[in-house]
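> Give me a 3D structure for the following:
(one chain, ligands or ions: 1)
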Amino acid sequence: MSFPENFAWGAATASYQIEGAVREGGRGSSVWDDFTRAGRSHERQTGDVACDHYHRYREDVALMREFGLGAYRFSVAWPRIQPEGRGAVNEAGLDFYDRLVDELLAANVTPWLTLFHWDLPSALQVRGGWLNPDVPGYFAEYAAILAERFSDRVAHWMTLNEPQCFIGLGLHTGEHAPGLTLSRADALQAGHHALLAHGHAVRALRAGARQPLRIGFAPVGVGAVPASEEARDVEAARAWMFGVRDDLWNNAWWADPVLLGRYPEEGLARYGADAPRVAEGDLAVISEPTDFYGVNLYHGATIRAGEGGPEKVPTREGHPQTAYDWKLTPEVMRWAPRFYHERYGLPVVITENGMAGLDWVSLDGRVDDPQRIDFTRRYLRELRRACAEGVPVEGYFHWTWTDNFEWAQGFSKRFGLIHTDFVTQVRTPKASAAWYRDVIASNGANL
Ligand SMILES: O=C(O)[C@H](O)[C@@H](O)[C@H](O)[C@H](O)CO
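Alright, predicted model coming up:
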């Protein structure tokens, strides 16, 4: 068994987590600069330098070439392109991503570009951020600038990364930037604006495209695994996966409007008066056709058909988990892509998957990470099963390339295939990088 031909084997990063150079090249400030400078991340750490990728991108791309990476998902920092989040364009910012894209293409690495991975310009947050109904228009303006400049060389685009996070954690629980604890009603209204921004951006990309583009978004994957292969458990897992619970952490509330053009009934009923005001035509914008269902998939709950409906099966004591306390549930890679494809009718791309480990450079100068190899082998084997069972899966992006700034966790969580010394900026390929190179070379046949 192997993966489809032309399967995209990649790794993913995000601008604020790797670039550094936050006050260089005309970049404006972002909500994450403000949040970390206020000491809200682990040990008051910031992304001021991070992996210094802004200066070391050639080295990072050279490692991608060396390890045979086929594709690279990166995000563009909106404040590096429009320091005020609207109006004036910063040429130096566009130049940086020009150089990065050209370096990738020269290394035979296909660029996949994410428009927004959480670093909202501070100048827009001051004006209300995602709660401001004008922000979707500003986002479309930003998307048009990138389409004009990069769509000749970049054919794969994702609009938003994980609205569940930048809205739920950023505006409702306050764990992430900008660190607000708005009411659920305000958070859901801001979420509606974010989905509008997605739709307007898709239209702007199509209008400015200099070649046919494949466009999607990259929501959190809230996965489910049936407790058995019996139809009743499979349907219970599917129902649970698209159920809407009181919190904002779900699939359907964010994906149904984009792919089905309507908010899920269960969500409208559950959120009641907190549900957003939806103007005439909003859902037509939000559901502008896209080409793939991207998903950041790390783990899932085991679900069985209970008397009262789908119920979670408790995890047994000592179940394997990562350094982030995320349980290992590789079967989610077989079932979740199937359930997403069957609900939304689009091919699936795993836009993120990986694990946090406690990796360090040993005395012999190596970084051995057998757990990451075992983790990824298990998850990819299940993804391969999904492909063998007819689920159209077009790519897999390992989170992440170089160890980087893990948001509120600072530098305490290492997800990379490449170890980063955040003081000397020395990159050390981990054992998993060589392992992944061989997986890519065999198109996953050697798993
Ligand atoms: O999914 C996310 O939260 C983000 O997309 C990434 O930026 C994280 O760093 C990664 O997932 C590990 O938590």
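
> Next, count neighbours for the closest residue to residue 181 other than its chain neighbours.
Of all residues not flanking residue 181 in the chain, residue 174 sits nearest, at 4.4 Å (C-beta to C-beta, 6 or more residues apart in numbering). The way it works is simple: take the backbone N, C-alpha and C, and place the C-beta from them, glycine included. Neighbours of residue 174 under the rule other C-beta atoms under 10 Å: 15.

> repeat for the one 4 residues further on
When neighbours are counted by other C-beta under 10 Å, residue 178 registers 20.

> again, but for residue 436
24.

> per-residue confidence at it?
pLDDT for residue 436: 98.

> same thing with residue 163?
So, for residue 163, pLDDT stands at 98.

> Then residue 6?
Confidence score, pLDDT, at residue 6: 96.

> Which residues are in contact with it?
Contact analysis of residue 6 by C-beta atoms under 8 Å, 6 or more residues apart in numbering lists nothing.

> and it, what helix or strand is that in?
Using DSSP states H and E, residue 6 sits in no helix or strand.

> before we move on, what about residue 305?
strand 300-306.

> coming back round to it: thinking the residue nearest to residue 181 is in contact with residue 168, fair?
No: applying C-beta atoms under 8 Å, one finds residue 174 not in contact with residue 168, separated by 10.2 Å.

> Residue 257 reaches residue 194, doesn't it?
No: when contacts are counted by C-beta under 8 Å, residue 257 is not listed as touching residue 194 (10.6 Å).

> before we move on, the earlier item: report all helices and strands that whatever helix or strand comes next after the strand holding residue 305 contacts.
Later in the chain than strand 300-306, the nearest helix or strand by DSSP H and E is strand 309-312. Packing partners of strand 309-312 (3 or more C-beta pairs under 8 Å, 6 or more residues apart in numbering; DSSP states H and E): helix 231-241, strand 300-306.

> Take the ones you listed and lay them out in TSV including distance to the ligand.
Shown next, in TSV, are these (distance: least, C-beta to the nearest ligand atom, whole Å):
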stretch	distance to the ligand
helix 231-241	18
strand 300-306	15
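
> Mind putting these into CSV with distance to residue 337 and mean neighbour count?
Converted to CSV, the helices and strands packed on strand 309-312 look like this (distance: least, C-beta to C-beta, whole Å; neighbours: other C-beta atoms under 10 Å):
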stretch, distance to residue 337, mean neighbour count
helix 231-241, 11, 19
strand 300-306, 11, 20
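
> any chance of the ones you listed in JSON lines, with mean pLDDT too?
Formatted as JSON lines, the helices and strands packed on strand 309-312 follow (pLDDT from 0 to 100):
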{"stretch": "helix 231-241", "mean pLDDT": "98"}
{"stretch": "strand 300-306", "mean pLDDT": "98"}
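
> Dump these to JSON lines, plus distance to residue 180.
What follows is these, written out as JSON lines (distance: least, C-beta to C-beta, whole Å):
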{"stretch": "helix 231-241", "distance to residue 180": "29"}
{"stretch": "strand 300-306", "distance to residue 180": "28"}
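
> Tell me how many other residues crowd whatever residue of the stretch 151-300 of the chain ends up closest to the ligand.
Closest contact between the stretch 151-300 of the chain and the ligand, by C-beta to the nearest ligand atom, is at residue 296 (4.6 Å). Residues within reach of residue 296, counting by other C-beta under 10 Å, total 20.

> Quick one: residues contacting it.
161, 162, 218, 219, 220, 221, 350, 351, 352, 353, 399.

> Pull up the per-residue confidence for it.
So residue 296 comes in at 98 (pLDDT).

> what does residue 139 give?
98.

> which SS class is the residue nearest to residue 181?
The three-state label given to residue 174 by DSSP: H, G, I helix; E, B strand; the rest coil is coil.

> Return the residues of the protein in contact with the ligand.
14, 17, 161, 162, 165, 296, 352, 399, 406, 415 (C-beta under 6 Å from any ligand atom).

> Tell me which of these fall in helices.
By the criterion of DSSP state H, membership of the residues of the chain next to the ligand in helices covers residue 17.

> What ranges does the stretch 201-350 of the chain have for its helices?
Taking DSSP state H, counting those that start in this stretch, the helices of the stretch 201-350 of the chain run over residues 231-241, 252-260, 265-271, 282-286, 332-344.
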